[in-house]
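>>> please work out how this folds:
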Amino acid sequence: MSGVPQWPAVCKSENRPVARLEASLETVTWLHRYGLAWEEGDPDATAALFTEDAVYRSAPFREPHIGRAAIREYAVNATADQTGTKVRFGTPIVDGNRVAVEWWATFDDGTLPGTLYLRFAPNGLCEELRETWNWADERLDPPEGWGT
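The predicted structure is shown next:
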């Protein structure tokens with residue numbers, strides 16, 4: 001991932017457009033850093049994006065990883081066997097401190113698309129992450145219109 005991608009903000013409501021634009025830039029920067037940490041397999045960089053008491057739920061039926069140390073450990077285990085990692089994000093939908101965004105990751109051995117639901121603390125760190133995803137045993141490109 002080179003450079004911070006520029007996405008327009010997609011807002012649920014437009015009653016505070018200036019705040020939404022600022023939140024969108026913070027969101028895009030956070031997503032870029034998250035994607036880069038994932039691609040590089042850098043658990044310290046991943047953990048640094050979260051509050052000390054953050055909740056990270058990697059799948060709806062799994063127990064959450066609670067706290068920065070647990071999130072770091074999850075990142076270590078989740079990326080240990082991943083090679084050739086490339087991550088991209090769709091246009092985030094921002095509503096106050098909450099964000100929803102599609103992501104599409106490819107690896108040497110497959111494709112992992114999913115959705116992140118994020119809640120941010122006032123300091124810009126993520127305090128809650130919930131994700132859903134699906135795995136395919138081959139490298140696939142996103143379908144037309146993906147991420148918009």
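>>> sec struct for Glu52, please.
strand (DSSP: H, G, I helix; E, B strand; the rest coil).
>>> how far away is it from Lys86?
30 Å (CB to CB, to the nearest Å). The C-beta positions use only the backbone N, C-alpha and C, and glycine is treated the same way.
>>> the two: which is more packed in?
Neighbours were counted for Glu52 and for Lys86 using other CB atoms under 10 Å; Lys86 has more, 14 against 11.
>>> stretch 100-120: end-to-end distance?
For stretch 100-120, the first-to-last residue distance is 11 Å (CA to CA, to the nearest Å).
>>> what does that stretch contact?
26-27, 30-31, 35, 38, 82-93, 97-99, 126-140, 142, 146-147 (CB atoms under 8 Å, 6 or more residues apart in numbering).
>>> can you flag the buried ones in these?
Neighbour counting over the contacts of stretch 100-120 (16 or more other CB atoms under 10 Å) leaves 27, 30-31, 35, 38, 82, 85, 87-93, 97, 99, 126-131, 147 as the buried ones.
>>> among those residues, which are located in strands?
In strands, judged by DSSP state E, the following of the buried ones among the contacts of stretch 100-120 are found: Val87, Arg88, Phe89, Ile93, Val99, Cys126, Glu127, Glu128, Leu129, Arg130, Glu131.
>>> residues contacting the fifth one?
In this structure, Val99 makes contact with Thr27, Pro92, Ile93, Leu116, Tyr117, Leu118, Arg119, Phe120, judged by CB under 8 Å, 6+ apart.
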